[in-house]
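Enquirer: Okay, structure incoming, though there's no sequence with it:
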């Protein structure tokens, strides 16, 4: 089959023809809008007593003011303390219960900051701090009470542990 025959077959099968709907004007486009393009009364008429005048058929004057410069300053809110390291230290060394609860609040503080809730992150970090402080204080008081009990009660009774 020659190239001319292939071209004729493609032309006959509709390959070179645009799809239906193209090239036809859509209704309503290209029609003049009512009220546009018509001169207003009194404009473009020569004034009596003045010789030849230049008459503009349509003059458009656009007045605009320069745009005001707007500067937006955004400051990054610093990440509040979550006291994660202190919570882990209290969990391992001092008080298991308060350390675990403080660790949970520290993690919640970090996730609140990541979600964009800066106030929630700050308040949960503060709760974690107070839980850590409470865990340390309770552990220190408990150790002091055990030492006092050991020295006072068991030492005076003559009972030795160990």
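Expert: Received the coordinates, thanks. Only a predicted model underlies this, so the values are computations on that prediction, with no experimental measurement involved. Residues are numbered from 1 along each chain as shown.
Enquirer: going forward, measure contacts and count neighbours with C-alpha atoms only.
Expert: OK.
Enquirer: By mean pLDDT, flag the weakest helix or strand of the chain.
Expert: helix 3-13 (a mean of 57; mean pLDDT, DSSP states H and E).
Enquirer: Moving C-terminal from that one, which element do we reach first?
Expert: Counting by DSSP states H and E, the next helix or strand C-terminal to helix 3-13 is helix 84-89.
Enquirer: can you list contacts of that following helix?
Expert: Applying CA atoms under 8 Å, 6 or more residues apart in numbering, the contact partners of helix 84-89 are 99, 100, 102, 103, 106, 107, 128, 129, 132.
Enquirer: can you give me the mean pLDDT across the longest helix belonging to the chain?
Expert: Counting by DSSP state H, the longest helix found in the chain is helix 118-149. Helix 118-149 shows a mean pLDDT of 96.
Enquirer: Give me the buried positions along it.
Expert: By neighbour count with 16 or more other CA atoms under 10 Å, helix 118-149 contains the buried residues 118, 120-129, 131-136, 139.
Enquirer: next one: stretch 78-88
Expert: 80, 81, 82, 83, 84, 86, 87, 88.
Enquirer: do stretch 93-100 as well
Expert: Applying 16+ other CA under 10 Å to stretch 93-100 flags 94, 95, 96, 98, 99, 100 as buried.
Enquirer: Next, format the contacts of helix 84-89 as JSON lines and append distance to residue 150.
Expert: Listed next are the contacts of helix 84-89 as JSON lines, based on distance: CA to CA, whole Å:
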{"residue": "99", "distance to residue 150": "26"}
{"residue": "100", "distance to residue 150": "29"}
{"residue": "102", "distance to residue 150": "31"}
{"residue": "103", "distance to residue 150": "32"}
{"residue": "106", "distance to residue 150": "36"}
{"residue": "107", "distance to residue 150": "39"}
{"residue": "128", "distance to residue 150": "33"}
{"residue": "129", "distance to residue 150": "32"}
{"residue": "132", "distance to residue 150": "27"}
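Enquirer: Can you tell me how far the nearest residue to residue 90 once chain neighbours are set aside is from residue 108?
Expert: Of all residues not flanking residue 90 in the chain, residue 99 sits nearest, at 4.9 Å (CA to CA, 6 or more residues apart in numbering). According to CA to CA, to the nearest Å, residue 99 and residue 108 sit 14 Å apart.
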